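[1] Sharing a model that was predicted from the sequence below.
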Amino acid sequence: MRDPEKTIGNIIDKQKLCYVSSVDKDGFPNTKAMLQPRKRNGIKEIYFSTNTSSLKVESFRNNPKACLYFCDSRFFRGLMLKGTMEVIEDQPIKDMLWKTGDTLYYKKGKTDPDYCVLKFTAISFRYYSNFKSEELNIE
């Protein structure tokens, strides 16, 4: 892969869904489809919005290990990122990710206690394309 940052960034940005995996209290993987990330800083930091009351937030508070998977079914490409997930409830970060229409999910707006941010920090990735895979650590 000539330019991992560009290739990986394009897959992240173009997919409507991301599959997010956490580790449950019994040590088993728990995977959930989520809407595409709200923001990213390169390919190392990826932000999502979610409900504070969700099972995944509870899981990440107990065990921050996480995995993200993006699938481009049109070209049979996939991207798996491994790293950690942090639950953020700081208002300035919640404000940064807020979008018009979010009151559909968070009735009380930006300050809804059931609205939080998940910040994923990647440590490595595996990219699948043309029936080959490539794995790299992220600096």
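    Yep, that arrived.
[2] neighbouring strands for whichever helix or strand G83 is part of, and are they parallel or not?
    Taking DSSP states H and E as the definition, one finds G83 inside strand 77-88. Strand pairing for strand 77-88, determined by DSSP bridges: strand 65-72 (antiparallel), strand 115-129 (antiparallel).
[3] any idea where the strands of the protein begin and end?
    Here the chain has its strands, by DSSP state E, at 17-23, 29-35, 39-41, 45-51, 65-72, 77-88, 115-129, 132-137.
[4] Please export the C-alpha coordinates of the first one as PDB.
    Output in PDB follows, covering the C-alpha atoms of strand 17-23 (Å, rounded to 0.1, in the frame of the first residue of the first chain):
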ATOM      1  CA  LEU A  17     -21.800   1.900   8.600                       C
ATOM      2  CA  CYS A  18     -19.000   0.800  10.900                       C
ATOM      3  CA  TYR A  19     -19.000  -2.400  12.900                       C
ATOM      4  CA  VAL A  20     -17.800  -1.800  16.400                       C
ATOM      5  CA  SER A  21     -16.600  -4.600  18.700                       C
ATOM      6  CA  SER A  22     -16.200  -4.500  22.400                       C
ATOM      7  CA  VAL A  23     -15.500  -7.200  25.000                       C
END
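[5] got any ranges where this protein has weak pLDDT?
    For the chain, the stretches flagged by pLDDT under 70 are 1.
[6] can you tell me which residues contact I8?
    By Cβ atoms under 8 Å, 6 or more residues apart in numbering, the contact set of I8 is I43, L79, F125, Y127. Where C-beta positions appear, they are placed from N, C-alpha and C, glycine not excepted.
[7] hang on, L17 packs against Q36?
    Yes. Using Cβ atoms under 8 Å, L17 is in contact with Q36, at 6.7 Å.
[8] So these two - more neighbours on which side?
    Neighbour count, other Cβ atoms under 10 Å: between L17 and Q36, Q36 has more, with 15 against 12.
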